[in-house]
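1. When you get a sec, could you give me coordinates for this:
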Amino acid sequence: MNENFNIETLPITNQIKSYFEEIIDFLGENKNREGLLKTPDRASKAKFNHNNFRFQRRI
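-> Residues are numbered from 1 along each chain as shown. Purely as a prediction, here's the structure:
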């Protein structure tokens, strides 16, 4: 994997975080609660890691 690769800079990362925020809200939880603030970020990173995501630069 490229040393300069940063999952947080991918546009899709913000979209995935948004989906997890919606899921938390749908479940009736307060997404702004201290214990849940970083959950969408952690979940989006875990999703990439779980799928063995590989960034391939188009030439």
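2. List the buried residues in the longest helix seen in the chain.
-> Longest helix in the chain by number of residues (criterion: DSSP state H): helix 11-26. Residues 13, 16-17, 20-21, 24 are the ones in helix 11-26 that count as buried (16 or more other C-beta atoms under 10 Å). No exception for glycine: its C-beta is placed from N, CA and C like everyone else's.
3. State the pair within those that is farthest apart.
-> Greatest spatial distance in those: 13 and 24, 16.7 Å, computed using C-beta to C-beta.
4. Please name the nearest non-neighbouring residue to residue 30.
-> residue 36 (6.9 Å; C-beta to C-beta, 6 or more residues apart in numbering).
5. got a list of what the closest residue in space to residue 31 that isn't next to it in sequence touches?
-> Using C-beta to C-beta, 6+ apart and skipping the chain neighbours, the partner closest in space to residue 31 is residue 24 (4.5 Å). Residues counted as contacts of residue 24 (C-beta atoms under 8 Å, 6 or more residues apart in numbering) are 31, 36, 39-40.
6. List just the nearest of these to residue 8.
-> Closest approach between the contacts of residue 24 and residue 8, by C-beta to C-beta: residue 40, at 12.2 Å.
7. Distance to residue 48 for the contacts of residue 24 - can I get that in a markdown table?
-> As requested, these are arranged in a markdown table below (distance: C-beta to C-beta, whole Å):
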| residue | distance to residue 48 |
| --- | --- |
| 31 | 21 |
| 36 | 20 |
| 39 | 15 |
| 40 | 13 |
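8. In those, which residue is surrounded by the most others?
-> residue 40 (21 neighbours; other C-beta atoms under 10 Å).
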